[in-house]
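# this one's sequence-less:
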């Protein structure tokens, strides 16, 4: 089987947020497996690092919201964390296990902490997954360091500084400096709290700059349809089942090529 390259398909990108957090405990192998079974080959996750340098598929800096543990992730070893349950049922997943369990899937990885740069670079090199990964959710300098450490096959979205600059220029209808356009994708929130962020004209401005525009996190089918009509290049959702049905109705869902089954690896090692 030939490994995919992130974004090589120029069609609409349907992306399961934290593996599909509306269907199973977030960022667990169970969540990724459920989205994969629905036909998703683009999965989003986050990276946090333990005290002993193990990269986790985990969003929060602290353990308490989604597990029965307490305190900061970075203050616990992998041996501590692997005993915890996400949502009371599923083990915390190592990032390398997730990447290896779904070798024909592409991943967005949100880099949550500067401490993750070196361990994440090691994971991407060791698993050979760099070509099917897009890094996002980080400062531009972190992304630059990771691409330098891993190689040009690694895809990056705009870092936070570049994204904010570009969004500000789009609102003012002025051109953003080319020096800020350092990624291939722009990941734009639908809103921040009650403040709308996405605007239809962002689509045209992104495409003029050679950027593919992806909107997060969208779970409402009416909003999904509006974004598709506006021409966005992808949607990140907690409800991959809902987005799949919307895409089928819109005639833009493409079932993946059948692949062999890859069982989930043992995260309790």
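Done, it's in. It should be emphasised that the depicted structure is a prediction, and the values quoted were computed from it without experimental measurement.
# quick one, helices of the stretch 101-250 of the chain?
Listed in chain order, the helices of the stretch 101-250 of the chain (DSSP state H, counting those that start in this stretch) span 117-127, 140-150, 160-172, 201-208, 221-230, 240-250.
# possible to save those as JSON lines with mean neighbour count, distance to residue 43 and mean pLDDT?
Every residue, glycine included, has its C-beta placed from N, CA and C. Shown next, in JSON lines, are the helices of the stretch 101-250 of the chain (neighbours: other C-beta atoms under 10 Å; distance: least, C-beta to C-beta, whole Å; pLDDT from 0 to 100):
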{"stretch": "helix 117-127", "mean neighbour count": "19", "distance to residue 43": "14", "mean pLDDT": "98"}
{"stretch": "helix 140-150", "mean neighbour count": "18", "distance to residue 43": "19", "mean pLDDT": "96"}
{"stretch": "helix 160-172", "mean neighbour count": "16", "distance to residue 43": "21", "mean pLDDT": "89"}
{"stretch": "helix 201-208", "mean neighbour count": "16", "distance to residue 43": "22", "mean pLDDT": "94"}
{"stretch": "helix 221-230", "mean neighbour count": "16", "distance to residue 43": "18", "mean pLDDT": "98"}
{"stretch": "helix 240-250", "mean neighbour count": "19", "distance to residue 43": "9", "mean pLDDT": "98"}
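# could those helices go into CSV alongside distance to residue 3?
Formatted as CSV, those follow (distance: least, C-beta to C-beta, whole Å):
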stretch, distance to residue 3
helix 117-127, 10
helix 140-150, 15
helix 160-172, 28
helix 201-208, 27
helix 221-230, 28
helix 240-250, 22
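# nearest to residue 55, of these?
With C-beta to C-beta as the criterion, residue 55 lies closest to helix 117-127 of the helices of the stretch 101-250 of the chain, at 5.0 Å.
# show residues contacting that closest one.
With contact meaning C-beta atoms under 8 Å, 6 or more residues apart in numbering, helix 117-127 is reached by 47, 49, 53-55, 95-96, 99-100, 109, 111, 129-130, 133, 142, 145-146, 149-150, 154.
# and if you look at stretch 129-141?
3-7, 46, 99-100, 105-112, 123-124, 143, 146-147, 150-151, 153-162, 180, 182, 184-185, 187.
# report all helices and strands that the least confident helix or strand in the chain by mean pLDDT contacts.
For the chain, using mean pLDDT, DSSP states H and E, the weakest element among its helices and strands is helix 160-172, scoring a mean of 89. Contacts defined by 3 or more C-beta pairs under 8 Å, 6 or more residues apart in numbering; DSSP states H and E place helix 160-172 against helix 140-150, strand 185-189, helix 201-208.
# 7 Å - rerun?
Where contact means 3 or more C-beta pairs under 7 Å, 6 or more residues apart in numbering; DSSP states H and E, helix 160-172 is packed against helix 201-208.
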